[in-house]
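J.: only geometry, no sequence info:
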């Protein structure tokens, strides 16, 4: 297909495709950072020179044919591209058989049986026949609720393969019957709804492996980048609620279909879906008005485990009998993603003291101390996602993701391309280096040029009436860190540290009691622990205690997708964990102000 | 409205309206026999002379204004009528407070609570707040499945009346929350799906009384009068299944709406519906293909208790959270109506020996002997419903419903109108009288005129080459009983008696062991026990042992609509009762042939 993008609005063609709600047309497992080579497109007319990533991922013939990657192409008014999609069905990249912890109580399971043929001496109804064969002798209990879909399909299903059938169970409840023996065919899905990014994991429960992952932008972004702007949209217009619901459901459907197509399986074999996300994302998926989350006392519509037919959420690509299990959260701003993080890291079960931090638009954190779990959320602001930063951008091609100070400032750029901006981890590194180099004072003030050595002072420029420190010049740049950016970062890290300090205080603990500090989520995986320590985003703990745990929320969703005990454990975590509402803490402002300053450079 | 009927196809205007699927436009609580006066219409142009029923039920002014009753009006090509409906909302006629046996475990109940207002120290979600208030402290159990409808309404509902709400429970499951205290408003419905007639009972559970009853023709009659012809329609065209489903669901909706309108209540307050009917009727309501019921080994799709959301059956006038509970049957042709009969008569719990007979298109019967229940169904044929009888008609205005022999033959006619035909009870009486008068021999042969006294022989005529006995002449008639009609009745009663004998044999019992013979259903209430004994439809038992139990199936449905123990008892009856498949009984033909002859006149 051919599509036209507004050249001024999107950093890359991929961004534009996603913003247009067409993420399903392109695969981008790597999230658009030039690593996977899936988002292939053909440029009509003269193609721009290939980037390094394109040089790595495409064949010379591809390049000669005008094929490029959508994540690398910068839209211009003249550019016309045809989306091609991935070259071929590739084998699943992440075969996690070893990692999936299987269980005696799967969330969904199948049993194949051959039924006795009815005759005049055995006239049991189709339903009783199949129920007795699959669930043992009739126990006389009334089945509380039965699917009409199942009942309607039964007469044909039983007779299709000569009374050989397979029952599908959710726990102990028979939810579907399939003709023949289909026990080798049983899929589940896990869904991670981020405010920014959706991820869908497709798992083969019968074979015990992950088949595919698909990720893309959350199409709700059309209503605003953050939770609050989406809630405002609902308050402004009641129709927005349904629209937001359809957008996220549609996004999940597209990603699932992509994943199923790539894995060569049928999405209709998916019988179970586990979903994580913050309270607002889960409410929007359920179509529950989230407005009361946005105003004191910040009450969610629901924050407990909710199991509903997937079809009622508009997730109709799955089996009609599929359930969607929305995992529970802890507080209005400590959501199911944190519960999933805890589920995977088993924080709540371990002896000792651990702090888990999941930094997104909000800094959510949990402190576990010998079984007690205390949580809070801080309005850290989106600085860590590169937003509200003058040269900020998300961690995509062209973003400076790391900065080192080795005599002089060196920046590494995602996709090895010309630097176009600064993502969260790059900002952290840059400010840490600036503190170390003395460019930034403890108070956060950029020193005047007159107080700096020439090599540093020549990087200082004036941008819009404020001082800024240039990291990279032309071409692409300048990419710089402004005084305002430093203040943004100080606010964010001050809020984070205030949250950490209050959780520790709540448990009567101090920094030195922390056995481990776990960093969850993408930002937690990318950031440099040294820089986080240097700017005081993390408390002064030994470097070795800091550990990145990767995408624990997605991993937790996968656990919950196939294991009932994992789901029970999530409920247990949700119920046992305490939620500290920082807005009622009289000590919050005091601690926040105290933690705004940077630590002494070591 | 004005409508035009095909004059040749309908006995009365009411019949035509019902056959046109427009039963909802007219009330006819009495089923069209000229007793209720509801089916008022205005004749455009000259109106026919009023019938006796119209004289009783309409005012002289009405009659002068051309108002008549649709059940009394015979369609002619010239006739044009305007349907008017009942004169006014009448108070509910059957206030059954004394009869409804209430129970500690109602099928649905309401609880009103005032919730604690949330604040920054109590940020529980709306769902947890309402659940803990209504169901006690959170027991940590995951709620197995939750209604999105409930969840979506919750934020507004809780805040609409300042945190005062009412929870609606199905058993222990919270299925809906309403704003304010609505505990005084709680309705249930019972539905009796006959092959010919639908009946809907609307019950006020809060007040403990029946509000209204509405009955009308089963609109599926367009696909044939009996079960087999409707199954044939499904076999011939798969689309017929959906059509039959929609017809019966639509019929129920219309009757419910009528009943609710008359009672001045809102059908959306109905949270529970119990349904009885034979296996085929229940399968068609559920949309389950009934074809396997029609061929050996006569297997139903389901015959167990089935509880489904009413909305999935297309019953959308009810509350969106309403459940439909389809009561269980015993065998493919011994349905939920017989279970309901047993539930009401408590046959299975009583010491002694009782025979229950429910005669419809099929003769269904149950023999209870000190707790053991054995059942069977005989293809009695529709003779008892007046079908396949030369002058047969249903028990409507103009039907001879009773015949006495008091020196000479006297016929009573429903609605005191000119006799137009013979209904089942009239046929029974007529043949009994003919046997007593010696017009019919024991073998069933009509004696030749030469063997009869003049008063009798002059009633003998030749119709289509066969002898017939005239009961009533002009005007309206002749209404007669033909030799073929006598044979039809013999076949039907022979089959019934064979069933009875085989059930007794199965239990090692004889006629004299019967403590009671219970006659259920409309025909059972109308027929003359003396005639039934005289022709041998019933075994030779003392007259005093025979008892009509009325519409026990409808009563059983009402019990199941509001009481969980009643429903459990129905399941117990269904499971414990034995089903004797007569087609595999080698002794059936022998007993059948033996029972074809009439008993000696006493």
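T.: Cool, the structure landed. From a predicted model like this one, the values you see are computed outputs, not experimental measurements. Numbers count the residues shown, from 1 in each chain, chains lettered A, B, ... in the order given.
J.: Burial check on residue A:584, number of neighbours?
T.: Here the count is done by other Cβ atoms under 10 Å in any protein chain shown, and residue A:584 has 13 residues near it. All C-beta spots, glycine's among them, are computed from the backbone N, C-alpha and C.
J.: Likewise for the one 10 residues further on?
T.: Burial of residue A:594, expressed as a neighbour count using other Cβ under 10 Å, amounts to 12.
J.: That one and residue A:380, how far apart?
T.: 17 Å (Cβ to Cβ, to the nearest Å).
J.: go on, residue A:488?
T.: For residue A:488 relative to residue A:380 (Cβ to Cβ), the value is 10 Å.
J.: With neighbour numbers in mind, choose between these two.
T.: Set side by side, residue A:488 and residue A:380 show unequal neighbour counts under other Cβ under 10 Å, the larger going to residue A:380 at 24 against 21.
J.: wait, what's in contact with that one?
T.: Contacts were defined as Cβ atoms under 8 Å, 6 or more residues apart in numbering or on different chains; by that measure residue A:380 touches A:359, A:361-363, A:492-493, A:495-496.
J.: So which residue is smack in the middle of chain A?
T.: Of all residues in chain A, the one closest to the mean position by Cα atoms, centre = their mean is residue A:194, 4.4 Å from it.
J.: For the residue of the stretch 501-602 of chain A found nearest chain B, which non-adjacent residue is closest in space?
T.: Closest residue of the stretch 501-602 of chain A to chain B, Cβ to the nearest Cβ: residue A:584 (4.6 Å). Distances taken as Cβ to Cβ, 6 or more residues apart in numbering or on different chains put residue B:120 closest to residue A:584, at 4.6 Å, once the chain neighbours are dropped.
J.: ditto for residue A:314
T.: The shortest distance from residue A:314 to any non-neighbouring residue, by Cβ to Cβ, 6+ apart, is to residue A:249 (3.9 Å).
J.: And for the one you found, the neighbour number?
T.: 20.
J.: quick check, it in a helix?
T.: Yes - the assignment for residue A:249 by DSSP: H, G, I helix; E, B strand; the rest coil puts it in a helix.
J.: What distance do you get for it to residue A:242?
T.: Residue A:249 sits 10 Å away from residue A:242, taking Cβ to Cβ as the criterion.
J.: Likewise for residue A:494?
T.: Counting by Cβ to Cβ, the gap from residue A:494 to residue A:242 is 39 Å.
J.: just residue A:437 next, same as before
T.: Distance, residue A:437 to residue A:242, using Cβ to Cβ: 53 Å.
J.: got it, and residue A:58?
T.: In this structure, residue A:58 lies at 41 Å from residue A:242, with Cβ to Cβ as the measure.
J.: domain parsing for chain A?
T.: Here the domain assignment for chain A is A:2-83, A:108-179, A:187-326, A:336-381+A:489-594, A:383-486, based on automatic domain parsing.
J.: what helix or strand does residue A:207 sit in?
T.: Counting by DSSP states H and E, no helix or strand carries residue A:207.
J.: For residue A:164, see how far away it is.
T.: Distance from residue A:207 to residue A:164, counting by Cβ to Cβ: 22 Å.
J.: quick one: contacts for residue A:241?
T.: Counting by Cβ under 8 Å, 6+ apart, residue A:241 has contacts A:234, A:284, A:287, A:289.
J.: wait, doesn't the first one sit right on residue A:243?
T.: No - when contacts are counted by Cβ atoms under 8 Å, residue A:234 is not listed as touching residue A:243 (9.2 Å).
J.: more neighbours, these two?
T.: Each of residue A:234 and residue A:243 has its neighbours counted (other Cβ under 10 Å); residue A:234 has more, 22 against 15.
J.: What pLDDT is listed against the more buried one?
T.: The score at residue A:234 is 96. That number is its pLDDT.
J.: so what's residue A:402 closest to, chain neighbours aside?
T.: residue A:412 (4.5 Å).
J.: Touching, that neighbour and residue A:401? I think so.
T.: Yes - shown here, residue A:412 and residue A:401 form a contact pair, counting by Cβ under 8 Å, at 6.2 Å.
J.: Could you name every residue contacting both of these two?
T.: Taking Cβ under 8 Å, 6+ apart as the contact rule, residue A:412 and residue A:401 touch no residue in common.
J.: quick one: which of the two has more around it?
T.: residue A:401 (24 against 14).
J.: distance between the helix or strand in which that one is found and the chain's centre?
T.: Assessed by DSSP H and E, residue A:401 sits inside strand A:399-406. Between the centre of strand A:399-406 and the centre of its chain there are 25 Å (Cα atoms, centre = their mean, to the nearest Å).
J.: other SSEs contacting it?
T.: Judged by 3 or more Cβ pairs under 8 Å, 6 or more residues apart in numbering or on different chains; DSSP states H and E, strand A:399-406 is in contact with strand A:408-413, strand A:421-422, helix A:424-436, strand A:466-472.
J.: Tabulate those (TSV), appending mean pLDDT.
T.: Supplementary listing: those in TSV, determined by pLDDT from 0 to 100:
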stretch	mean pLDDT
strand A:408-413	88
strand A:421-422	90
helix A:424-436	93
strand A:466-472	91
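J.: In CSV, list the ones you listed along with distance to residue B:64.
T.: Written out in CSV, the entries for the helices and strands packed on strand A:399-406 read as follows (distance: least, Cβ to Cβ, whole Å):
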stretch, distance to residue B:64
strand A:408-413, 99
strand A:421-422, 92
helix A:424-436, 90
strand A:466-472, 97
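J.: mind checking which of those is nearest residue A:568?
T.: Proximity of the helices and strands packed on strand A:399-406 to residue A:568 was assessed by Cβ to Cβ; the nearest stretch is helix A:424-436, lying at 35.1 Å.
J.: any idea of the mean pLDDT for the next helix or strand after the closest one?
T.: Secondary structure here is assigned by DSSP H and E; on that basis, the next helix or strand after helix A:424-436 toward the C-terminus is helix A:454-457. Along helix A:454-457, the predicted local confidence has a mean pLDDT of 90.
J.: ok so, going back, indicate which one of the domains of chain A is closest to residue B:70.
T.: Each of the domains of chain A has some distance to residue B:70 by Cβ to Cβ; the shortest is domain A:108-179, at 36.1 Å.
J.: separation between the closest residue to residue A:196 other than its chain neighbours and residue B:419?
T.: On the basis of Cβ to Cβ, 6+ apart, the spatially nearest residue to residue A:196 that is not a chain neighbour turns out to be residue A:218, at 5.9 Å. Residue A:218 sits 77 Å away from residue B:419, going by Cβ to Cβ.
J.: These two: which has the busier surroundings?
T.: residue A:218 (26 against 23).
J.: my read: the more buried one touches residue A:195, true?
T.: Yes - the pair residue A:218 and residue A:195 qualifies as a contact (Cβ under 8 Å) at a distance of 6.4 Å.
J.: Find the residues that touch each one of these two.
T.: With contacts defined as Cβ under 8 Å, 6+ apart, the residues shared by residue A:218 and residue A:195 are residue A:281.
J.: Helix, strand or coil: sort out whichever residue of the stretch 351-500 of chain A sits closest to chain B for me.
T.: Distance from chain B to each residue of the stretch 351-500 of chain A (Cβ to the nearest Cβ) is smallest for residue A:377, at 11.7 Å. Three-state call for residue A:377 (three-state DSSP): strand.
J.: What residues does the stretch 201-350 of chain A have near chain B?
T.: With Cβ under 8 Å from any Cβ of the partner chain as the criterion, the stretch 201-350 of chain A comes near chain B at residues A:286-289, A:291-292, A:296-309, A:312-313, A:323, A:331-332.
J.: no wait, the stretch 451-600 of chain A
T.: Where the stretch 451-600 of chain A comes near chain B, counting by Cβ under 8 Å from any Cβ, the residues are A:567-568, A:571-572, A:575, A:579, A:581, A:583-584.
J.: again, only this time at 7 Å
T.: Residues of the stretch 451-600 of chain A lying near chain B by Cβ under 7 Å from any Cβ of the partner chain: A:571, A:575, A:581, A:583-584.
J.: Buried among those? Make that a PyMOL selection.
T.: Selection of buried members from these for PyMOL, criterion 16 or more other Cβ atoms under 10 Å in any protein chain shown:
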select buried, chain A and resi 571+581
